[in-house]
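**Student:** Give me coordinates for this.
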Amino acid sequence: MSKETISTQTTTANAVAPVTSEVIEMTVAKRLEGIGEYYFSQKLREIDDLNKAGKQVINLGIGSPDLPPHPDVIKTLHEEAVKPGQHGYQNYKGSPVLRKAVAEWYKRWYNVVLDADTEILPLIGSKEGIMHICMTYLNPGDTVLIPNPGYPTYMSAAKIAGANVEAYTLTKENNWYPDFSALEKTDLQKVKLMFVNYPQMPTGQLPSHDLFMQLVAFAKKHHILLVHDNPYSFILNDTPASLLSVEGALDVAIELNSLSKSHNMAGWRIGILAGAQQRINEVLRFKSNMDSGMFLPLQLAAAKALQLPASFHKEVNAVYSARRKKVVDLLNLLQCTFDESQVGLFMWAAIPQGYKDGYALSDKVLYESNVFITPGGIFGSAGNGYIRISLCSSEEKITEAIERIKKIGLQK
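**Tutor:** A predicted model of the protein is given here:
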């Protein structure tokens with residue numbers, strides 16, 4: 001048999017041999033038991049399918065600022081990014097330039113003095129920080145207190161870290177503050193962390209200085225690490241506040257902050273962890289094994305953002321204020337009740353009688369008028385009777401949403 005014949009037979013055999021592929025079965029880690037896909041991840045996919053079907057859904061659910069960062073911030077990013085030496089790995093603790101800017105920002109706006117070298121840790125978004133904190137401090141059997149209603153990531157991050165979760169209920173009657181007398185009656189021996197968030201999301205409730213003092217006193221009494229998530233303090237609020245402004249707070253508390261909402265930089269993923277040197281070093285032990293430092297031009301642009309004048313926030317809030325007036329009209333159309341003094345990027349409102357829950361009202365509006373509003377139940381059982389509407393759409397879009405909803409009728 002010639003070499004040519006052998007070659008031909010081999011080629012023919014290879015051509016007709018079926019190629020099969022079967023994904024192997026794999027057991028997911030137990031830490032993901034009970035952890036579903038993030039609600040908005042799933043809902044955005046559904047909205048995308050509706051849009052592909054020609055529905056042109058107006059999304060009033062997501063809190064992603066549609067306004068751009070200040071031009072000087074973008075200019076700084078561009079100028080720094082074209083420099084040839086800016087593209088290497090960065091310090092795990094962040095650029096000294098950014099840490100100094102954060103310290104100055106905290107002093108200027110919150111009257112909090114932080115050591116830029118030891119008490120500040122830049123993050124790739126504050127959501128990352130929630131996970132880092134849970135993985136740094138929690139063991140199986142530990143308990144974490146989370147607000148109900150509250151940001152769903154608090155619960156999922158704590159559960160992934162292996163901890164037990166106990167929700168503490170916030171109510172309108174108590175100004176959406178923790179009920180400390182009720183908490184004192186519970187078993188707190190295994191509680192290691194407590195998440196708090198003011199201005200509160202989703203309710204928009206502002207904190208009082210007395211609340212912050214009570215939180216610090218409660219944490220000290222029960223040896224609990226207090227984690228304050230503070231991304232909304234500049235939105236529709238003339239008096240930004242930090243939990244760390246309370247005397248003794250650094251002994252028991254750490255604070256997460258972010259440029260996502262305050263500076264229209266959500267996609268830039270720039271967050272901040274502020275706390276005592278010991279806390280920063282502990283979180284860094286975990287974080288440094290999970291990621292590397294942020295792209296340096298991003299950090300330098302973030303430093304520029306933190307130096308912006310008060311006029312920037314005033315201009316942004318003027319836009320949100322005008323939008324809020326439109327959202328008030330929309331909520332009145334839906335026959336909801338709400339507090340107009342709330343702050344932040346959303347409006348939180350109680351649904352009218354006749355609907356089972358916020359999901360029912362949200363689905364009615366979505367499927368009959370192609371407008372998406374967030375059901376309050378995704379933030380916990382205490383939110384079942386509420387909806388949340390984002391201010392991150394233009395006045396024109398909100399007006400169009402109102403006109404669409406007017407056409408569907410609101411019979412239950």
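**Student:** low-scoring pLDDT stretches of the stretch 1-150 of the chain, where are they?
**Tutor:** 1-19 (pLDDT under 70).
**Student:** Can you report how many residues lie near Glu403?
**Tutor:** Close neighbours of Glu403, defined as other CB atoms under 10 Å, add up to 12. (Each C-beta comes from the backbone N, C-alpha and C, glycine too.)
**Student:** Let's test this: mean pLDDT of the helix or strand harbouring Arg404, rounded?
**Tutor:** Assigned by DSSP states H and E, Arg404 belongs to helix 395-406. The pLDDT scores in helix 395-406 average 96.
**Student:** With just CA atoms, put that helix into PDB.
**Tutor:** Coordinates of each C-alpha in helix 395-406 appear next as PDB, following Å, rounded to 0.1, in the frame of the first residue of the first chain:
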ATOM      1  CA  GLU A 395     -38.000  63.700  32.300                       C
ATOM      2  CA  GLU A 396     -39.100  62.900  28.800                       C
ATOM      3  CA  LYS A 397     -38.900  59.100  29.500                       C
ATOM      4  CA  ILE A 398     -40.800  59.500  32.800                       C
ATOM      5  CA  THR A 399     -43.500  61.600  31.000                       C
ATOM      6  CA  GLU A 400     -43.800  59.000  28.300                       C
ATOM      7  CA  ALA A 401     -44.200  56.300  31.100                       C
ATOM      8  CA  ILE A 402     -47.000  58.400  32.600                       C
ATOM      9  CA  GLU A 403     -48.800  58.600  29.300                       C
ATOM     10  CA  ARG A 404     -48.500  54.800  28.700                       C
ATOM     11  CA  ILE A 405     -49.800  54.000  32.200                       C
ATOM     12  CA  LYS A 406     -52.800  56.400  31.800                       C
END
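**Student:** buried ones in it?
**Tutor:** 397-398, 401-402, 404-405 (16 or more other CB atoms under 10 Å).
**Student:** what does stretch 307-320 give?
**Tutor:** Neighbour-count burial for stretch 307-320 [16+ other CB under 10 Å]: 308, 312-313, 316-317, 320.
**Student:** List the neighbours of it that are in contact with it.
**Tutor:** By CB atoms under 8 Å, 6 or more residues apart in numbering, the residues outside stretch 307-320 that reach it are 67, 70, 72-73, 101, 104-105, 234-236, 262-264, 345, 391.
**Student:** Need the buried residues of helix 395-406 in JSON lines (columns: distance to Lys43).
**Tutor:** Listed next are the buried residues of helix 395-406 as JSON lines, based on distance: CB to CB, whole Å:
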{"residue": "Lys397", "distance to Lys43": "18"}
{"residue": "Ile398", "distance to Lys43": "19"}
{"residue": "Ala401", "distance to Lys43": "16"}
{"residue": "Ile402", "distance to Lys43": "21"}
{"residue": "Arg404", "distance to Lys43": "18"}
{"residue": "Ile405", "distance to Lys43": "18"}
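**Student:** Of the buried residues of stretch 307-320, just say which sits nearest to Ser362.
**Tutor:** Ser362 lies nearest to Tyr320 out of these, by CB to CB, at 22.1 Å.
**Student:** Can you check which helix is longest in the chain?
**Tutor:** Scanning the chain for the helix with the most residues, using DSSP state H, yields helix 310-333.
**Student:** so it versus helix 395-406, what angle?
**Tutor:** 10 degrees (axes from the mean of the first three to the mean of the last three CA atoms, to 10 degrees).
**Student:** Tell me how far the following helix or strand past helix 310-333 lies from the chain's centre.
**Tutor:** Going down the chain from helix 310-333, the next helix or strand is strand 337-338, by DSSP H and E. The chain centre lies 24 Å from the centre of strand 337-338; the measure is CA atoms, centre = their mean, to the nearest Å.
**Student:** Give me the distance between the helix or strand just after strand 337-338 and the centre of its chain.
**Tutor:** Per DSSP H and E, the first helix or strand lying C-terminal to strand 337-338 is strand 346-350. Averaging C-alpha positions (CA atoms, centre = their mean) puts strand 346-350 17 Å from its chain's average.
**Student:** now swap in stretch 142-152 and tell me
**Tutor:** Distance, centroid of stretch 142-152 to centroid of chain: 14 Å (CA atoms, centre = their mean).
**Student:** Need the residues that contact that stretch.
**Tutor:** Contact partners of stretch 142-152, identified using CB under 8 Å, 6+ apart, comprise 38-39, 134, 138, 154-155, 158, 162-170, 178, 183, 190-197, 200-203, 224, 229, 376, 378-383, 386.
**Student:** likewise stretch 63-83?
**Tutor:** Taking CB under 8 Å, 6+ apart as the rule, stretch 63-83 contacts 86, 201, 260-261, 263-268, 296-298, 300-302, 304-305, 308, 312, 316, 319, 345-346, 390, 392-394.
**Student:** Provide the secondary structure category for the residue most central in space within the chain.
**Tutor:** For the chain, Lys127 is the residue whose C-alpha lies nearest the centre (CA atoms, centre = their mean; 5.9 Å). Classification of Lys127 using DSSP: H, G, I helix; E, B strand; the rest coil returns helix.
**Student:** go on, Arg99?
**Tutor:** Classification of Arg99 using three-state DSSP returns helix.
**Student:** Determine the number of other residues adjacent to it.
**Tutor:** 24.
**Student:** just Pro178 next, same as before
**Tutor:** Around Pro178 there are 19 residues (other CB under 10 Å).
**Student:** again with Leu333
**Tutor:** 14.
**Student:** Also Trp109?
**Tutor:** Neighbours around Trp109, by other CB under 10 Å: 18.
**Student:** Doesn't it lie inside a strand?
**Tutor:** No. Trp109 is assigned helix when assessed by three-state DSSP, not a strand.
**Student:** residues in contact with it?
**Tutor:** By CB under 8 Å, 6+ apart, the neighbours of Trp109 are 234, 240.
**Student:** Fine by me, thanks again.
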